[in-house]
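> no sequence for this one, just the structure:
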């Protein structure tokens, strides 16, 4: 099924949760804030947030430095 991650069309398997998408596409070494369809999702809900066709996921990560 097709979703959007940071504006990029991405093909994923059906019945996947947000936690799996983040582990597959982003480094665990940085903290990030995540919104699904313009709604903030706290880290405690990543595992229970099921992604469906057409969802728009925006990920903003904090990188050390200046």
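Great, that's in hand. Predicted model, so just to flag it, every value in this text is computed and none were measured. Numbers count the residues shown, from 1 in each chain.
> surely residue 17 meets residue 51?
Yes: taking CB atoms under 8 Å as the definition, residue 17 is a contact partner of residue 51 at 6.8 Å. Heads up, the C-betas are built off the backbone N, CA and C, glycines and all.
> which one of these two has more residues nearby?
Each of residue 17 and residue 51 has its neighbours counted (other CB atoms under 10 Å); residue 51 has more, 20 against 15.
> who touches the more buried one in this structure?
Contacts of residue 51 were listed using CB atoms under 8 Å, 6 or more residues apart in numbering, and they are 3, 12, 16, 17, 18, 21, 36, 57.
> how many neighbours does the first one have?
Spelled out, that is residue 3. Per other CB under 10 Å, the neighbour tally for residue 3 reads 19.
> quick one: buried residues of the host helix or strand of it?
Using DSSP states H and E, residue 3 sits in strand 2-5. Going by neighbour count (16 or more other CB atoms under 10 Å), the buried part of strand 2-5 is 3, 5.
> ditto for stretch 42-55
Within stretch 42-55, judged by 16+ other CB under 10 Å, the buried ones are 46, 49, 51, 55.
> which one of these is nearest residue 25?
residue 51 (11.7 Å; CB to CB).
> now do the closest one against residue 63, distance only.
25 Å (CB to CB, to the nearest Å).
> now residue 52
On the measure of CB to CB, residue 52 and residue 63 end up 30 Å apart.
> on that earlier part again, filter the contacts of residue 51 to the buried ones?
If we count by 16+ other CB under 10 Å, the contacts of residue 51 have these buried: 3, 12, 18, 21, 36, 57.
> quick check: the farthest pair among those?
Top of the distance list for these (CB to CB): 12 and 36, 13.0 Å.
> where's residue 12 relative to residue 64, distance?
Residue 12 is 29 Å from residue 64, by CB to CB.
> next one: residue 4
Counting by CB to CB - residue 4 and residue 64 are separated by 27 Å.
> next one: residue 14
36 Å.
> which of the two has more neighbours?
The neighbour count for residue 14 versus residue 64, taken as other CB under 10 Å, is higher for residue 14 (9 against 6).
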